[in-house]
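Engineer: test case, fold it:
(chains A and B)
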Amino acid sequence: MTNPTQDISLRHQRREQGLMLALASPALLVILTLVVLPVGWLGWQSIYHDGFTLENYRRIWSEDIYWRSFLLTFEISLLVTLLALLLGYPIAYAATIVSKGWRVFILALVILPFWTSVLVRAYAWLALLQRTGVLNQFLEYIGVIDEPLALVHNSFGTVVATVHILLPFMVLPLYGTMQKIPNELMQAGASLGGSPSHIFWRVFLPLSLPGVLAGATLVFVLCLGFYITPELLGDGRTVMVSMLVSRNVELYDQWGAASAVGMVLLIAVFAIFLVVSRFIALDRVLGQK
Amino acid sequence: MKLPSARAFSSEVDTGSRKENASKQGARAPFRFNRNGKGSSRIALLLFCSLVLLYLILPVLVIVPMSFSSARFLTFPPPSLSLRWYQEYLGNAAWMQATRVTLTVALLTVLIATPLGIASAYAISQSKLRIMRMIHLTLMLPLVVPIIITAVGIFFVYARIGLIATLSGLVLANVMLALPYVVTSVIAGLQSFDATQEMVARSLGMGRLRSFFVVTLPQIKASVVTGSIFAFISAMDETVVGLFISGGQYQPLTKRMFTALRDEIDPTIAAISTLMTAASFLLVLIASTRQKKNA
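Structural biologist: This is a model prediction of the structure:
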């Protein structure tokens, strides 16, 4: 014989679970039909064309233009990540040591560009850096240069603008981690005779490493798939992976090739997240945006 | 550990030949450098940060004087002020149509993504079901999958079902992209909300739906507003997916801007950019003051 109260609570629990699933399902449905289904379809397309084929993947491996593009994308992403770390770490650190008013000011200057359209910022860099741009005209005006410098439509312009766009993704997780490092630890270090820089290198820096990892992962992964800045500020000849995908679709109508390139990029991104998730909680990385 | 720093310290009072030795020690023992250079290293840090912050904010600000310049081509210094590019923008039917599309899409996106986001955030934070963690991760996918892959995938699906160059297709894609912002924000709001309050209301006989609207929603209002503001900004700024799936009369502002930027630098874009940036700043400002009120 079953206990009637137990039975009721069980039924209640089931109803509760059903309600929760029903509440979550509309949003889930949107994501499934607009992310999972399309990406799955791309995956299918990359291996199926009148029968199974790995031709598209073989091509990525054997044709210069494909793997060079992957190599270039990884190089640029690595460079952008390093630069963002170099510029972002001091900013996040400064935000933790200044007074509250200055902290709000610093964080506002980091967050405001973050919520400005990527397109607008790409345009601003174009306007600043091009041959007849603000910077070249200024330098000519004050007589530093005679000939305008080629600052844009090359990898320099791409990197400068990409670092600018991704820097907040580095600073915010870094700041989030640094802010949680208890001040008492540093005080303890100082009371034991450690110098400020000694304490920084031996206590503060190691404790901030999870933030470094989170920020670096986010910047690197976002940079891997970046499209707008390389398209607008690049030279058009060096093709990053995202451009490879769009060109295969728009110009050459090569769906299989585009899908395969996209799949390799996606697998790379997931692999990075998987590796990183062994060290820090993933929602910590994603929660920043 | 103690030995080198002590030696470095003692060598400070020494003169001449030992000084060289001391500076070598100093490289190994940061103690000495910092005692003498604490103020200067702080100044160096703040100076460096000022430069980086300048790099962050300058490009956002530079478009403002550009938009008010009277010159056709960018010149430095700008010859004179004018509202010419704003007139060009406001008087151009194509730009106006694109603006209408962007505003409509952004508004509809907020209206759809906000309730969907609230419902799923509520379920994720209240339910103890194992599968909710998976659902949460799935809802974050739009942030993880590189946008170019999502764009091409949606383009392919839309082409099959005839949603290319339609308003509903554009809204749907933007709802998908905005959901993570709403979900993240509302879950954060629900975390600081005591769920037993809602249970109390229900035990006193209030219906489930009513207790949510009367008890829970008012208390997480700030996070809902923040989430929907970010959903609006996300839809307003969205570029890559729109490039692939929009067309005809339903092209958002960003698509027209992108096309114009590929051809030549038209200062009209500076005027539009200034307006878009001002709108974003205003919305972020509202969101942050709202959050403060809640805290």
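Engineer: show the model's pLDDT score for the closest residue to B:Ala260 other than its chain neighbours.
Structural biologist: Nearest non-adjacent residue to B:Ala260, counting by CB to CB, 6 or more residues apart in numbering or on different chains: B:Asp266, 5.4 Å away. In this view, the C-beta of every residue, glycine as well, is placed from N, C-alpha and C. Note on B:Asp266: pLDDT of 76.
Engineer: now swap in the one 10 residues further on and tell me
Structural biologist: B:Met276 is assigned a pLDDT of 89 by the prediction.
Engineer: tell me which element A:Leu209 is part of?
Structural biologist: Assigned by DSSP states H and E, A:Leu209 falls within helix A:205-224.
Engineer: and A:Gly43, what is it in contact with?
Structural biologist: A:Ser259, A:Met263 (CB atoms under 8 Å, 6 or more residues apart in numbering or on different chains).
Engineer: what helix or strand does it sit in?
Structural biologist: helix A:37-47.
Engineer: now do the contacts for B:His136.
Structural biologist: Counting by CB under 8 Å, 6+ apart, B:His136 has contacts B:Ile124, B:Val183, B:Ile187.
Engineer: without its sequence neighbours, what residue ends up closest to the residue nearest to the spatial centre of chain A?
Structural biologist: Geometric centre of chain A, nearest residue: A:Leu222, 2.6 Å, by CA atoms, centre = their mean. Leaving aside its sequence neighbours, A:Leu222 sits nearest to A:Leu166 (CB to CB, 6+ apart; 5.8 Å).
Engineer: so that neighbour makes contact with A:Ala84?
Structural biologist: Yes - with contact defined as CB atoms under 8 Å, A:Leu166 reaches A:Ala84; the gap is 5.6 Å.
Engineer: quick one: A:Ser195 and A:Val203, what's the gap?
Structural biologist: 11 Å (CB to CB, to the nearest Å).
Engineer: looking at these two, which one has more neighbours?
Structural biologist: More crowded of A:Ser195 and A:Val203, by other CB atoms under 10 Å in any protein chain shown: A:Ser195, with 20 against 17.
Engineer: pLDDT at that one, what is it?
Structural biologist: Reported pLDDT for A:Ser195: 80.
Engineer: again, but for B:Gly247
Structural biologist: 85.
Engineer: next helix or strand past the helix holding A:Gly43?
Structural biologist: helix A:55-62.
Engineer: I'd say the residue nearest to the centre of chain A and A:Pro168 touch.
Structural biologist: No - checked against CB under 8 Å, the pair A:Leu222 and A:Pro168 is beyond contact range at 10.8 Å.
Engineer: can you list the residue ranges for helices in the stretch 1-150 of chain B?
Structural biologist: B:2-10, B:17-28, B:30-67, B:84-90, B:93-126, B:131-139, B:141-144, B:147-161 (DSSP state H, counting those that start in this stretch).
Engineer: let me know which of these is the nearest to B:Ala178.
Structural biologist: helix B:93-126 (4.3 Å; CB to CB).
Engineer: and the closest one, which residues are buried?
Structural biologist: B:95, B:98-99, B:101-106, B:108-110, B:112-114, B:116-126 (16 or more other CB atoms under 10 Å in any protein chain shown).
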